[in-house]
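# have a look; sequence and predicted model below, questions after that.
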Amino acid sequence: MQCDNVIWDCCGKLFCSYKSKFKTTVLCKNKYNVTGLCTKSNCPLANGYYATIIEDNEKCYLYLKTPERANTPAKMWEKIKLDANTVEAFKQIDRSMKNVYKEYLIQRCKRRLCRIREYLQKSRALAEKERPVLVTESKKLAKRESSREIKALRAAKITTNLEQELVKRLKSGYYSEIYNFNKAQFDEVLDEANDQNDMLEDLETEEFSEDEILEENIEIEDL
């Protein structure tokens, strides 16, 4: 027969492999602990009648422990699959634990079921979200890009310095005044210049033909 007080005096006050001590609290690492706290009411070893909720492959199961099965550790826990509907699962917990287990333990199992269902729902939502993909970058490529960037900055600096120097010279009057002519007027001037060149060429050809005629007349007279 299991004696809960003797077990708690040994495990709770002395040594327990599931116990984890911290500055403010003491936690329990036993997977059957319904709250994770190391107290007498929450200890799965020091309570003959105990129950908890465990999740396995996104399905929740109710585990029940009774003192009658304490002599068979392999069959100590009774496993009951809970319904996917939370209301129906609460009814299953009430039917299996009512009038046998403490009301405190029943409420703890219901809270644990709700918490497990919540984190399962959140984990599904996170799995559906797109996560950023980490891409490795080689050091050689980064060094090459940085050197190219430095060269581009130097070239840009040279062009800006040239522009500034040209502006300074223009302001100081180093260059003559710059005019912006109308394109149509500029084309007219070019056409007039071309016409004058054509007229000069025609005059030259006419003078050349007159000289040839005079030379021919002189030759005829000599004959």
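Right, received. Where do you want to start? Model, not experiment: these values are computed from the prediction. Numbers count the residues shown, from 1 in each chain.

# who touches E55 in this structure?
Listed by Cβ atoms under 8 Å, 6 or more residues apart in numbering, the contact set of E55 reads 61, 116, 120. Glycine gets a C-beta too; all of them are placed from N, C-alpha and C.

# now the helix or strand hosting it: how far from the chain's centre is it?
Per DSSP states H and E, E55 falls inside strand 50-56. Put simply, strand 50-56 sits 36 Å off its chain's centre (Cα atoms, centre = their mean, to the nearest Å).

# dump that strand to CSV, keeping only the CA atoms.
Extracted C-alpha coordinates of strand 50-56, given in CSV (Å, rounded to 0.1, in the frame of the first residue of the first chain):
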residue,chain,number,x,y,z
TYR,A,50,-3.5,11.7,-9.3
ALA,A,51,-4.3,12.9,-12.8
THR,A,52,-2.7,15.0,-15.6
ILE,A,53,-3.1,16.0,-19.2
ILE,A,54,-0.3,15.0,-21.7
GLU,A,55,-0.1,16.0,-25.4
ASP,A,56,1.2,13.5,-27.9
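
# given that strand, what are its sheet partners and their directions?
Looking at strand 50-56 with DSSP bridges, its partner strands are strand 59-65 (antiparallel).

# contact partners of the strand it pairs with?
32, 44, 47-55, 76-82, 89, 92-93, 96-97, 101, 109, 113, 116-117.

# next helix or strand past it?
strand 77-81.

# as a whole number, average confidence for that following strand?
For strand 77-81, mean pLDDT is 91.

# sorry, back to before: which ChimeraX command selects the buried ones in the contacts of strand 59-65?
In ChimeraX syntax, the buried subset of the contacts of strand 59-65 is picked out as below (16 or more other Cβ atoms under 10 Å):
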select :32,44,47,50,51,52,53,54,55,76,77,82,89,92,93,96,97,101,109,113,116,117
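
# could you check how far the host helix or strand of L141 is from the centre of its chain?
In this assignment (DSSP H and E), L141 forms part of helix 139-172. Taking Cα atoms, centre = their mean, one finds helix 139-172 lying 34 Å from the centre of the chain it belongs to.

# what pLDDT, on average, does that helix get?
On average, helix 139-172 scores 79.

# with stretch 101-112 instead?
For stretch 101-112, the per-residue pLDDT averages 90.

# again, but for stretch 43-52
On average, stretch 43-52 scores 89.

# can you list the domains in this structure?
Listed domain ranges for the chain are 1-46, 48-128, 179-223 (source: automatic domain parsing).

# R108 contacts G36, doesn't it?
No - using Cβ atoms under 8 Å, R108 is not in contact with G36, being 10.8 Å away.

# looking at the two, which is more packed in?
Set side by side, R108 and G36 show more neighbours around R108, with 19 against 13, by other Cβ atoms under 10 Å.

# is it true that that one lies in a strand?
No - with DSSP: H, G, I helix; E, B strand; the rest coil as the criterion, R108 is located in helix rather than a strand.

# contacting residues around it?
When contacts are counted by Cβ under 8 Å, 6+ apart, R108 touches 34-35, 42.

# and it, how close does it get to R144?
62 Å (Cβ to Cβ, to the nearest Å).
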